[in-house]
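Trainee: Predicted model, plus sequence, below.
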Amino acid sequence: MRTALSIAGSDSCGGAGIQADLKTMTMNGVYAMTAVTALTAQNTTGVRAIQEATPEFLGQQIDAVFEDIFPDAVKIGMVSASELIRVIAKKLRDYEAKHIVVDPVMVATSGSVLLKTDAVETLEKELLPLAEVVTPNIPEAEILSGMAIKTKEDMLAAAEKISKTYGCAVLLKGGHSINDANDYFYANGEGHWFEGKRIENPNTHGTGCTLSSAIASNLAKGYELPKAVKRAKDYISGALGAMLDLGKGSGPMKHAFDLTGEFAKEVR
Ligand SMILES: Nc1ncnc2c1ncn2[C@@H]1O[C@H](COP(=O)(O)OP(=O)(O)O)[C@@H](O)[C@H]1O
Ligand SMILES: Cc1ncc(COP(=O)(O)OP(=O)(O)O)c(N)n1
């Protein structure tokens, strides 16, 4: 069985972070492992408190995984502080980790800051150059590219700039635009759109975590990056389309939706 490691924060309400990653990887037919960067006291209305792991303890979790079950892919989500980012980068370099997907989580949809301002530079310097693909949303891409993104043309230019600056593929997510859910992919000097039909579901807690861990799962299974992204896009559309409605705020998605076609055959 193929395996994937999520290095991310825990979300006590189960919709984002490590919990979303475990559900997504499992539903995508991959054995999921974790290294927890922080605990959050969080629900669908917001993040109340954050307790970071120590850098030493985060390193021990990563060692414990790599020394026993070498992951076929690694997804990195919320990592709030520079010291934690440095430990992750060193371990991934030392172990020569494969298929690294970086979701540069900065601010939760609820508005809570999940990456300290002084750690943005460390993320850019240490983690992005290790990534096979980075998956910013529009506000995150504005920070990484240093450009305002207001139009589709801005998305193209920002993705190209991030890709060329950090030497990785970029999937710039369009979930924060109003009319559609089209994401722009740029790699090796070429770009194209992954189109998505916008689903009228206000419960989008954990969409970014889910998409990035679905990409990591599909890379772990041996799909080339564009196909891994396409399959992840289909997965997020299915999970949002299942229309789960829990909690008082932006609720989580349903992962145990009816997988159809190609997915269903493989995951069984
Ligand atoms: N209402 C929606 N309908 C369909 N797809 C969506 C919707 N909202 C977000 N997505 C998709 O979910 C993924 C995560 O996007 P986004 O919400 O922008 O990320 P984040 O959670 O990091 O802010 C993207 O593929 C995006 O296109
Ligand atoms: C622990 C933890 N990690 C990441 C997030 C952010 O999740 P994401 O899917 O990027 O976006 P929203 O859920 O905020 O739309 C989080 N909230 N908690």
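Mentor: Yes, it's here. Ligands and ions are numbered 1, 2, ... in the order given.
Trainee: can you count the residues close to Lys23?
Mentor: Neighbouring residues of Lys23 were enumerated by other CB atoms under 10 Å; the total is 23. Every residue, glycine included, has its C-beta placed from N, CA and C.
Trainee: Quick check, pLDDT for Ser177.
Mentor: According to the model's per-residue confidence, Ser177 sits at a pLDDT of 74.
Trainee: My guess is it contacts Ala141. True?
Mentor: No - with contact taken as CB atoms under 8 Å, Ser177 and Ala141 are classed as non-touching, separated by 11.9 Å.
Trainee: out of those two, which sits in the more crowded spot?
Mentor: Of the pair Ser177 and Ala141, Ala141 is the one with more neighbours under other CB under 10 Å, namely 26 against 18.
Trainee: Which strand or helix spans that one?
Mentor: helix 138-145 (DSSP states H and E).
Trainee: Let's see the very next helix or strand once past that helix as CSV, backbone CA atoms only.
Mentor: Moving toward the C-terminus from helix 138-145, the first helix or strand encountered (DSSP H and E) is helix 152-166. Listed in CSV are the C-alpha atoms of helix 152-166, where the atom choice follows Å, rounded to 0.1, in the frame of the first residue of the first chain:
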residue,chain,number,x,y,z
LYS,A,152,-7.5,36.2,-14.1
GLU,A,153,-4.4,37.8,-15.8
ASP,A,154,-3.0,38.6,-12.3
MET,A,155,-3.4,35.0,-11.3
LEU,A,156,-1.4,33.9,-14.4
ALA,A,157,1.4,36.4,-13.7
ALA,A,158,1.5,35.6,-9.9
ALA,A,159,1.7,31.8,-10.5
GLU,A,160,4.5,32.3,-13.0
LYS,A,161,6.4,34.6,-10.7
ILE,A,162,6.1,32.2,-7.7
SER,A,163,7.1,29.2,-9.8
LYS,A,164,10.2,30.9,-11.2
THR,A,165,11.2,32.4,-7.9
TYR,A,166,11.1,29.1,-5.9
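Trainee: Check whether helix 152-166 comes near ligand 1.
Mentor: No - judged by CB under 6 Å from any ligand atom, helix 152-166 stays clear of ligand 1, getting no closer than 11.3 Å.
Trainee: Enumerate every residue touching the spatially most central residue of the chain.
Mentor: Computing the C-alpha centroid of the chain and ranking residues by CA atoms, centre = their mean puts Ser212 first, at 3.3 Å. By CB atoms under 8 Å, 6 or more residues apart in numbering, the contact set of Ser212 is 75, 77, 101-103, 135, 232.
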